[in-house]
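Participant: Everything below, folded, please.
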Amino acid sequence: MSGFVFAQWNFHTAYFKIHINGNGYITSMKNATVQPNQEFSPDDKPSPLLCLYNSGENQYYYPLKATYNAATRKMILRYANGAAATVLIEPKNEKYLRLTLLSLAGRKGIDNIQWGPVHTSITNILGEMLGVARDTSVDVNYAIGLLSLNDATTGGSATTVGGIAPFEYLIHSPDTKRFPLQPDLHEGQFFTIGGNGISDVAFYSHPEEYYRIMYGNAAGVDSMGRISIVQHATDRQKPKNIFFSLMPKMGANKPVHQELKPIPGVDYIGSKVALWGAPDTIALMTIIRNIVLSEELPYPVLNGKWVKDPARYVPDVLWNGKTYDSAVSYTAQLGFKGIEGWSLGEYYPNRSDNGNIPLTIPFASGKKPISVLTDESNAKGIVFGLHTLQNFLQHRISSDVSPVPNDSLCYLQKRILKQNIDAADTAIVIDNPDYLDEIAGWEGHPADANIIKIGKELIHYMGVTKTQPYTLLHVKRGYWGTAAAAHNAGSTVYKLQTNCYRGLVPDIFLQDQYADYYANVFKKQGMHYIDFDGEEGLFYQGYGEYSAKRFYRRLFAAVRRNGIGLVRVTGATLSGGSWYYHSIWNVGGGEHMYNNKTRSWGIEGKDLRNVTFGNYFPSTFGGNFSLTPTSTVQDYENIEALSVGSGVTYVLDLSQSSVEACPQKYEIFKAIRTWENARAANAFPRTVKKMLSNINRQFHLEQIDNNTWKLSEVKSSGSDFLVMLKRAKGY
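Facilitator: A predicted model of the protein is given here:
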């Protein structure tokens, strides 16, 4: 027992001090950079270091007693059910505390563990993907985070269904003086998103700042607006049943029952998190960046710098032209680094083409392979990519659907065929009718994809009898071009999961193969950019953030094996699982995001801005700002000033015809390139960025030489010089 003590313990970094009591609770969290140290642990809410959860009994177990061995850095936490957890606590690089669950004795019935919740007194900005509480005020300037360090550990509490939080609005005011709540609202309430559950633009329906749309649950608030942060890990080695929808309160996306396949080797033992605190102004580049590098987490770069570095928040081009002859030239003149081939339409994957996708690029001289364009773009340091439906497996496109369906298609329910049937029988009797009257999957419930699979045959049906013999109704055999066949009693009947576009979905293991497939697409097409639309498809298997982490880790590993360098990734959604891998999140567009004429945010733009800002990720104007005959240089100086000042990217909507119709096109290109050169040089100090983020002011930037820029304010009376900007060291 040498080294053990039974009282209370202090741990610290250069920026953060915590105190853990003899019951295993954090009772103090202080800012170590100020005197006196400011306290952020609420007196009435101590934070359990580690909780246990039995989902079968819906029972939490909180630590009762803690012992700590300073020599081994191991803390043993004991619980009312007799369990004992051993946690390794390691200060790392003076930046963070790494917490690792080494073992759990007496784990019977415990299928989840939970780090925290770590309760804070911070009421300003929450980061629900990463798990962070931020006070961005000048007076406080402090953040506390609980960051997942491996794939098995995901955001949110142990009670999270489907591995991902519901997509809905949280009531939380980041500043009660500026944004007081309506009398009928209170902190911590949840409301459904807007619309009918189908139109993504309509989801964003509340302009008020205190309606905070949520893309995760690694952070939340209590009735006083105080932010708590939490991570958890699950034993995925056993089958499980869930009742899930990403948008459970929307009629078009009602929850469905789903059986989860066990995943061998994925357990909560070994779960790791980084607990940190630091001044908010240095949190991203000094703390989180250090954690990512030290823990060998994904670290995509652009021009040698981490893509999360605000100096690399670079816009791209959204090419809408009928031909692509000028796409690379225009992009180079802008100083941008990426092109999305939007006018090529949505691409659905088909593994049978092995990456030799049947798309060509239209030029004035005719259609040519994608590699013709990527050869030109890559030579100029510009990446090109496609708009894809990530894991959507469609009839007439995917060889995994028809004519011979893959045995690793994702299913919702598994039943047993009770009677022999021949190839023409439509009376299909199953052993259990439960949940088979639910129509297709949770997203959109597409009736024409309400499908079962027996052997290698897909069968469409609608409904099931409620009395024995339990018989499927309105049966269509040999669906989607599969071969109708005889099946013996005792055969397994799979009710298949669907995507929102009336197609099917790979299971978690087949999805691994799609990660490899996309790596082949990159290699064979010379592509280094991709827009994964339908990215919520990574949640269809029921594993949520874990599925996203698993897919992207596999993709990036396959990309490295293929000898490909930079891969620039964006997608339809963002989560704690994809945050590490995505470079940008350029979704939406037009006035729903930002109107440059009125210089105002749309509701969707406001919502996504608040999500990204809270999680240290580049915000976006979406696809926007097409050149017109009346476009002016000042229009685009205004866009770039706000982009730099507020940390916002966008995709500039271009075509050859729209550019050529703009009389000031070359002057506009030069102005944008000037701002982008200065951004890449990290030439804008924090004080200047704050000034640029004021949408009521207009600015002009002039490049003096390769390392110097002159910033002026544009007024009706002329321009007033403000400051000379210099290239930052290392940029």
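Participant: remind me which residues of the protein are low pLDDT?
Facilitator: 1-6, 197-198 (pLDDT under 70).
Participant: Residue ranges of each domain in it, please.
Facilitator: Domain assignment for the chain by automatic domain parsing gives 4-294, 301-391+507-680, 403-505.
Participant: Show me the one of those that comes nearest F721.
Facilitator: Of all those, it is domain 301-391+507-680 that lies closest to F721, at 15.3 Å by CB to CB. Where C-beta positions appear, they are placed from N, C-alpha and C, glycine not excepted.
Participant: Nearest to V688, out of the domains of the chain?
Facilitator: The minimum distance between V688 and these falls on domain 301-391+507-680, with 7.8 Å, by CB to CB.
Participant: Distance across the closest one, terminal residue to terminal residue?
Facilitator: 13 Å (CA to CA, to the nearest Å).
Participant: that older thread, okay if I get the domains of the chain as TSV plus distance to S693 and mean neighbour count?
Facilitator: Shown next, in TSV, are the domains of the chain (distance: least, CB to CB, whole Å; neighbours: other CB atoms under 10 Å):
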stretch	distance to S693	mean neighbour count
domain 4-294	12	19
domain 301-391+507-680	4	20
domain 403-505	36	18
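Participant: any chance of those domains in a markdown table, plus distance to K710?
Facilitator: A markdown table is the format used below for those (distance: least, CB to CB, whole Å):
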| stretch | distance to K710 |
| --- | --- |
| domain 4-294 | 26 |
| domain 301-391+507-680 | 10 |
| domain 403-505 | 50 |
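Participant: Of the ones you listed, which is nearest Y731?
Facilitator: Of all those, domain 301-391+507-680 sits nearest to Y731, with 6.1 Å by CB to CB.
Participant: wait, which of the domains of the chain is closest to N706?
Facilitator: Taking the domains of the chain one by one with CB to CB, domain 301-391+507-680 is closest: 8.2 Å.
Participant: element containing I282, please.
Facilitator: helix 280-282 (DSSP states H and E).
Participant: Residues contacting that helix, please?
Facilitator: The contact list for helix 280-282 (CB atoms under 8 Å, 6 or more residues apart in numbering) reads R134, D135, T136, N141, Y142, A143, R686.
Participant: Quick check: the third one touching I125?
Facilitator: Yep, that's T136 we're talking about. Yes. T136 lies in contact with I125 (CB atoms under 8 Å); the separation is 5.7 Å.
Participant: quick one: the strands in the stretch 501-650 of the chain?
Facilitator: With DSSP state E, counting those that start in this stretch as the criterion, the stretch 501-650 of the chain has strands at 529-533, 568-571, 594-595, 600-601, 619-624, 648-654.
Participant: can these go into TSV with extra columns for distance to R212?
Facilitator: Formatted as TSV, these follow (distance: least, CB to CB, whole Å):
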stretch	distance to R212
strand 529-533	25
strand 568-571	21
strand 594-595	19
strand 600-601	14
strand 619-624	14
strand 648-654	18
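Participant: picking up where we left off before, just the contacts of helix 280-282 now: which is nearest V587?
Facilitator: Among the contacts of helix 280-282, and counting by CB to CB, the member closest to V587 is R134, at 23.0 Å.
Participant: For the closest one, give its distance to I287.
Facilitator: In this view, R134 and I287 are 12 Å apart by CB to CB, to the nearest Å.
Participant: cool, and A641?
Facilitator: 28 Å.
Participant: try T13
Facilitator: 9 Å.
Participant: between these two, what contacts are shared?
Facilitator: K95, Y96, W276, A278.
Participant: Show the contacting residues for the first one.
Facilitator: Shown here is K95, whose contacts under the criterion CB under 8 Å, 6+ apart are T13, A14, Y15, W276, A278, T286, I287, N290, I291, S294.
Participant: and with 10 Å instead?
Facilitator: 13-16, 274, 276, 278, 286-291, 294 (CB atoms under 10 Å, 6 or more residues apart in numbering).
Participant: What is the three-state secondary structure of the residue nearest to it when sequence neighbours are not counted?
Facilitator: Excluding its sequence neighbours, the residue lying closest to K95 (CB to CB, 6 or more residues apart in numbering) is N290, at 4.7 Å. The assignment at N290 comes out as helix when based on DSSP: H, G, I helix; E, B strand; the rest coil.
Participant: my read: N290 touches E94, true?
Facilitator: Yes. If you go by CB atoms under 10 Å, N290 and E94 touch, sitting 9.3 Å apart.
Participant: quick one on the thing from earlier: joint contacts of R134 and I287?
Facilitator: Common neighbours of R134 and I287 are listed as A143, G145, D280, Y616 (criterion: CB under 10 Å, 6+ apart).
Participant: and S103, helix, strand or coil?
Facilitator: Assigned with three-state DSSP, S103 falls in the strand class.
Participant: quick one: it and D267 touch, right?
Facilitator: No. Between S103 and D267 there is no contact under CB under 10 Å: 11.2 Å.
Participant: got the end-to-end distance for stretch 559-574?
Facilitator: The straight-line separation of the ends of stretch 559-574 (CA to CA) is 21 Å.
Participant: Then stretch 113-132?
Facilitator: One end of stretch 113-132 to the other measures 19 Å (CA to CA).
Participant: Give the pairing partners of the helix or strand hosting V723; include direction for each.
Facilitator: Here V723 sits within strand 718-726, counting by DSSP H and E. Its sheet considered, strand 718-726 pairs with strand 708-715 (antiparallel) by DSSP bridges.
Participant: buried set for the strand it pairs with?
Facilitator: By neighbour count on 16 or more other CB atoms under 10 Å, the buried set for strand 708-715 is W709, L711, S712, E713, V714.
Participant: what pairs with the third one across the strands?
Facilitator: If I follow you right, that is S712. Going by DSSP bridges, S712 forms beta bridges with H700, F721.
Participant: got the contact list for it?
Facilitator: Contacts of S712 (CB under 10 Å, 6+ apart): Q698, F699, H700, L701, E702, G718, S719, D720, F721, L722, V723.
Participant: burial of the last one, as a residue count?
Facilitator: Think V723. 15 (other CB atoms under 10 Å).
Participant: Show me the helices in the stretch 201-350 of the chain, by range?
Facilitator: In the stretch 201-350 of the chain, helices defined by DSSP state H, counting those that start in this stretch lie at 280-282, 289-294, 327-334, listed in chain order.
Participant: Export those to TSV and append columns for distance to T388.
Facilitator: Below are the helices of the stretch 201-350 of the chain laid out as TSV (distance: least, CB to CB, whole Å):
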stretch	distance to T388
helix 280-282	36
helix 289-294	26
helix 327-334	18
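Participant: Surely G381 touches N303?
Facilitator: Yes. Using CB under 10 Å, G381 is in contact with N303, at 7.9 Å.
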